[in-house]
Structure formats: C-alpha cells, structure tokens
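Enquirer: sequence first, predicted model second:
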Amino acid sequence: MARASHPSEWEMSGFNEIQNPPERYGVIDMPALRNFCGFPDHEQFAEQHRQWVQEAISKGKGQRESCWTESIAVGGIGFVEETKSRLGIMGIGRRIEEQETGLYVLREKFEPYSTALDHENGRLSLNNSYFWDILPADSVG
C-alpha cells in the first residue's frame, strides 16, 4: 500500500469531512467546530483549514498524530466525558487521558499483541489455536 502524500487521499478522513461535509451521518459537529475556531461560515473555515494542513505539511509535520488517529474522542474534558457517558456500556474500560497540549482523549484499552500471546489462557494462547497444516485423519479423503 502506497503512503498518502496528502490527507485528501484518504477517502474516510477528517480532512475530507471538513472540506466536503456529508449531508447525513457526519462524524464531525461542523457548526460547533467552526464556532470553536471562530469562523462564521463553512467556506471561510474550509479555506483556512486547507491552509493549516498545507502549512503543517510544508513544515514536515505530515506524520500521523496518535491523539487524533488512536482516539475515540478528542477535545475538552467535558466533551470527552460526555462522549464516554453517551457510549453507555460500550464506554466501560475506555479511559480518558490528558495530553500535553491540554486536550483530553478517550481511548480504547490497549493491550500489546505480545502481552496477549504471553497469557497462559489468553485469547491468543496455543489452546485457542488451529494449525492449518495439520488435518484431522477423517478429513483426508
């Protein structure tokens, strides 16, 4: 898979949703985001957003930022807590973390692959494995 050189190359991305908000089922609360950033209309905000992204790319800041790409919600503490609460039972086990920037994020519980393998009765233990190259005697025919 080729690496994208610009966020617009990812079909399902925040960049594309900000530039071309869907009529239905948007993930971003565009009026709230525009208001937060101080823009009265979408056109002005979209233009400024394009400039911000281009400036970040030209300064070599085109890498993935984990607070945005590995989080369920990003924002102020009130927003993140409300998001977790609205998730109901699906919010259990998800944690709120403060970032160095003063933002808060809601994250999934992270368990490294190697940790899952190390558990004696873990999900990825040998007891829960099926080896494709070993066939039962009655399956050879």
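Expert: Ah, there it is.
Enquirer: look up how far G91 lies from the spatially closest residue to A46 that is not a sequence neighbour.
Expert: Leaving aside its sequence neighbours, A46 sits nearest to Q19 (C-beta to C-beta, 6 or more residues apart in numbering; 5.4 Å). To be clear about C-beta, it is placed using only N, CA and C from the backbone, and glycine gets the same treatment. Here the criterion is C-beta to C-beta, to the nearest Å. By it, Q19 lies 30 Å from G91.
Enquirer: sorry, back to before: give me the number of residues near the residue nearest to A46?
Expert: 17 (other C-beta atoms under 10 Å).
Enquirer: now I28
Expert: Count around I28 with other C-beta under 10 Å applied: 13.
Enquirer: okay but it is in contact with P21, surely?
Expert: Yes: taking C-beta atoms under 8 Å as the definition, I28 is a contact partner of P21 at 7.4 Å.
Enquirer: show me what contacts the residue nearest to A46?
Expert: 8, 46, 49-50 (C-beta atoms under 8 Å, 6 or more residues apart in numbering).
Enquirer: how about low-confidence regions in this protein?
Expert: Applying pLDDT under 70 to the chain flags residues 1-2, 62, 110-141.
Enquirer: which helix in it has the most residues?
Expert: In the chain, ranked by residue count with DSSP state H as the criterion, the top helix is helix 42-58.
Enquirer: summarise which helices and strands that one is packed against.
Expert: helix 14-19, helix 30-37 (3 or more C-beta pairs under 8 Å, 6 or more residues apart in numbering; DSSP states H and E).
Enquirer: got the contact list for the closest residue to I18 other than its chain neighbours?
Expert: Nearest residue to I18, sequence neighbours excluded (C-beta to C-beta, 6+ apart): H49, at 5.2 Å. When contacts are counted by C-beta under 8 Å, 6+ apart, H49 is found next to 15, 18-19.
Enquirer: ok, so of those residues, who is nearest L103?
Expert: Relative to L103, the closest of the contacts of H49 is I18; by C-beta to C-beta it sits at 17.5 Å.
Enquirer: so how far is Q48 from that closest one?
Expert: 10 Å.
Enquirer: so between the two, which is more surrounded?
Expert: More neighbours surround I18 than the other of I18 and Q48, with 20 against 14 (other C-beta under 10 Å).
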